[in-house]
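1. here's my sequence, what's the structure:
(2 chains)
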2 protein chains.
Amino acid sequence: MDKEFSSTLLENAVSALATLPGIGRKTSLRLILHLLRQDESVAVDLGEAIIKLRKEIRYCRMCHNISEADLCPICSNPSRDASTICVVENVKDVMVVENTRQYNGLYHVLGGLISPMDGVGPQDIEIGSLVERVNAGGVDEVVLALSATMEGDTTNFYIYRKLADTGVRITMLARGVAIGNEIEYTDEVTLGRSIVNRTLFSDTFKK
Amino acid sequence: MDKEFSSTLLENAVSALATLPGIGRKTSLRLILHLLRQDESVAVDLGEAIIKLRKEIRYCRMCHNISEADLCPICSNPSRDASTICVVENVKDVMVVENTRQYNGLYHVLGGLISPMDGVGPQDIEIGSLVERVNAGGVDEVVLALSATMEGDTTNFYIYRKLADTGVRITMLARGVAIGNEIEYTDEVTLGRSIVNRTLFSDTFKK
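-> Next comes the predicted model:
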């Protein structure tokens, strides 16, 4: 839209929604006009849910996951294995790992990855508190579940060095051919890694 | 996400945002997590702008465009040509036509198109008030600027029949090859129409 809207109310709402990533002014206008065609309650519910969430959201004291209490439901669940900590980048990754239903330990949400290009150093993310948790004892294994990117690997190495002396077992997600992917279209680096780290057939399908 | 979120606040915000068209639950979660990383004011501004817009928005008594007063800035502008009314489907189309800077008349926003498939009849959109405006006098021309779709054409014909006896000049947008489009890739119906309605070269480029 190369022209300002005639209504300030409309302009403000469109501009505010367009601050979200991936939402341009055209999309924003389409969404706002949709809201105008709905019952007033739809817009009010949306507005209030966003404000309430942002004002009342709390983070777990232990793992920094989103929580409504001092400890999140995972950290306060006695049936979870407290001796294993899975380190993830953000809150969404907790949900992604939970959805696999293959993990029963606790988490540690870093809130980002080390990225010198973006000015994010180790002190900007929750690495110090991870080291404290491990030093406090009771932890046998730290599973690094970070993205297979340069930032993820940098963060993996940094955490590895920080925890190397604690004697805790440090593991990371297996890397290899994604389930459902054809060998022909798998990139060389992944394929190479999956050959070097090949597993016993009987181990892979033992369950 | 096949799992509910552990936080009700998060669940409510994600669900509310996912009611918008084209925003699924994954996108909604991504946007909400983005908001959580911003200053509190960003989320509060967005929420309040949406609520305020929906609660305080008014529509122009005359043309039904979005307005903050009884009459919109276009209808109340004495330098606009009040003898010409451009009929558009919705508020966004007013902006689109305005942005061409080729039109100086007034508008009439129908608020939809006749669409029997969707249960939208002539009485559900602002056709009656258009006929009243024309009957009130002072109108020389009604420009039908509706989409070149079945619903647009149905609505065009309905309005044409309703206004045929008033003696007002009824025009519609020219249809033909879009500027910048190659003949080779223009569909047959459009190309056929552009041949039948061919214009004098000297007329097209006279300005």
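2. how about the helices in chain A?
-> Listed in chain order, the helices of chain A (DSSP state H) span A:8-17, A:25-37, A:40-56, A:91-100, A:127-135, A:150-163, A:188-196, A:201-204.
3. and the longest strand for chain A?
-> Among the segments of chain A that qualify as a strand by DSSP state E, the longest is strand A:81-88.
4. okay, now the sheet partners of that strand, with direction.
-> When sheet partners are counted by DSSP bridges, strand A:81-88 sits next to strand A:105-109 (parallel), strand A:141-144 (parallel).
5. single out the most deeply packed of those.
-> Highest mean neighbour count of the strands paired with strand A:81-88: strand A:105-109, a mean of 24 (counted as mean count of other CB atoms under 10 Å in any protein chain shown). Backbone N, C-alpha and C define where each C-beta goes, glycine included.
6. what angle separates that one from helix A:127-135?
-> 150 degrees (axes from the mean of the first three to the mean of the last three CA atoms, to 10 degrees).
7. for strand A:105-109, give me every contacting residue.
-> A:59, A:62-65, A:74-75, A:80-91, A:93-94, A:97, A:126, A:129-130, A:133, A:141, A:143 (CB atoms under 8 Å, 6 or more residues apart in numbering or on different chains).
8. show the average pLDDT along that strand.
-> What strand A:105-109 shows for mean pLDDT is 96.
9. so who does the residue nearest the centre of chain A touch?
-> Among the residues of chain A, the one closest to the centroid is residue A:90, at 2.5 Å (CA atoms, centre = their mean). Counting by CB under 8 Å, 6+ apart, residue A:90 makes contact with A:109-112, B:33.
10. residue A:7 versus the closest residue to residue A:105 other than its chain neighbours, what's the distance?
-> Residue nearest to residue A:105 in three dimensions, not counting chain neighbours: residue A:84, with 3.1 Å by CB to CB, 6 or more residues apart in numbering or on different chains. For residue A:84, the distance to residue A:7 (CB to CB, to the nearest Å) stands at 55 Å.
11. looking at these two, which one has more neighbours?
-> residue A:7 (22 against 19; other CB atoms under 10 Å in any protein chain shown).
12. quick check, that one in contact with residue B:59.
-> No - counting by CB atoms under 8 Å, residue A:7 sits too far from residue B:59 to count as a contact (10.3 Å).
13. need the overlap of contacts for those two.
-> With CB under 8 Å, 6+ apart as the test, residue A:7 and residue B:59 both reach B:66-67.
14. any idea how far residue A:132 lies from residue B:63?
-> 64 Å.
15. more neighbours, those two?
-> Per other CB under 10 Å, whichever of residue A:132 and residue B:63 has more neighbours is residue B:63, with 24 against 10.
16. re earlier: now which of the contacts of residue A:90 would you call buried?
-> Applying 16 or more other CB atoms under 10 Å in any protein chain shown to these, the neighbour count classes A:109-112 as buried.
17. can you report how many residues lie near the closest residue to residue A:175 other than its chain neighbours?
-> Residue nearest to residue A:175 in three dimensions, not counting chain neighbours: residue A:193, with 5.2 Å by CB to CB, 6+ apart. Neighbour count of residue A:193, defined by other CB under 10 Å: 16.
18. I'd like the distance between residue A:193 and residue B:168.
-> If you go by CB to CB, the gap between residue A:193 and residue B:168 works out to 74 Å.
19. cool, residue A:55 as well?
-> 55 Å.
20. the more surrounded of these two?
-> Comparing residue A:55 with residue B:168 by other CB under 10 Å, the one with more neighbours is residue B:168, at 17 against 12.
21. wait, residue A:64 touches residue A:111, no?
-> Yes - Residue A:64 lies in contact with residue A:111 (CB under 8 Å); the separation is 6.2 Å.
22. identify the contacts common to those two.
-> With CB under 8 Å, 6+ apart, residue A:64 and residue A:111 have common neighbours residue A:126.
23. what sits up against the longest strand of chain A?
-> Residues contacting strand A:81-88 (CB under 8 Å, 6+ apart): A:63, A:94, A:97, A:103-110, A:130, A:133-134, A:138-146, A:159.
24. once you drop chain neighbours, what's closest to residue A:48?
-> residue B:47 (6.5 Å).
25. next up, the contacts around the residue nearest to residue A:24 when sequence neighbours are not counted.
-> Leaving aside its sequence neighbours, residue A:24 sits nearest to residue A:18 (CB to CB, 6+ apart; 6.3 Å). Residues near residue A:18 by CB under 8 Å, 6+ apart: A:24-25, A:27-28.
26. switch to 7 Å and redo it
-> Counting by CB atoms under 7 Å, 6 or more residues apart in numbering or on different chains, residue A:18 touches A:24-25, A:28.
27. kindly report the same for residue A:125.
-> A:110-112, A:114.
28. so can I have JSON lines of the residues you listed showing distance to residue B:176?
-> Compiled in JSON lines, the contacts of residue A:125 are given as follows (distance: CB to CB, whole Å):
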{"residue": "A:110", "distance to residue B:176": "57"}
{"residue": "A:111", "distance to residue B:176": "56"}
{"residue": "A:112", "distance to residue B:176": "53"}
{"residue": "A:114", "distance to residue B:176": "57"}
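29. which two of those residues have the greatest separation?
-> Taking CB to CB as the measure, the contacts of residue A:125 span a maximum distance of 11.5 Å, between A:111 and A:114.
30. ok so, going back, mind checking pLDDT for the residue nearest to residue A:105?
-> On the pLDDT scale, residue A:84 gets 94.
31. please apply the same query to residue A:42.
-> So, for residue A:42, pLDDT stands at 94.
32. how many neighbours does it have?
-> Residue A:42 is flanked by 18 other residues according to other CB under 10 Å.
33. distance-wise, check it relative to residue A:141.
-> Residue A:42 is 47 Å from residue A:141, by CB to CB.
34. ok, residue A:112 touching residue A:121?
-> No - between residue A:112 and residue A:121 there is no contact under CB atoms under 7 Å: 10.0 Å.
35. need the overlap of contacts for the two.
-> With CB under 7 Å, 6+ apart, residue A:112 and residue A:121 have no common neighbours.
36. for residue A:50, which non-adjacent residue is closest in space?
-> Using CB to CB, 6+ apart, the nearest residue to residue A:50 is residue B:47, at 4.2 Å.
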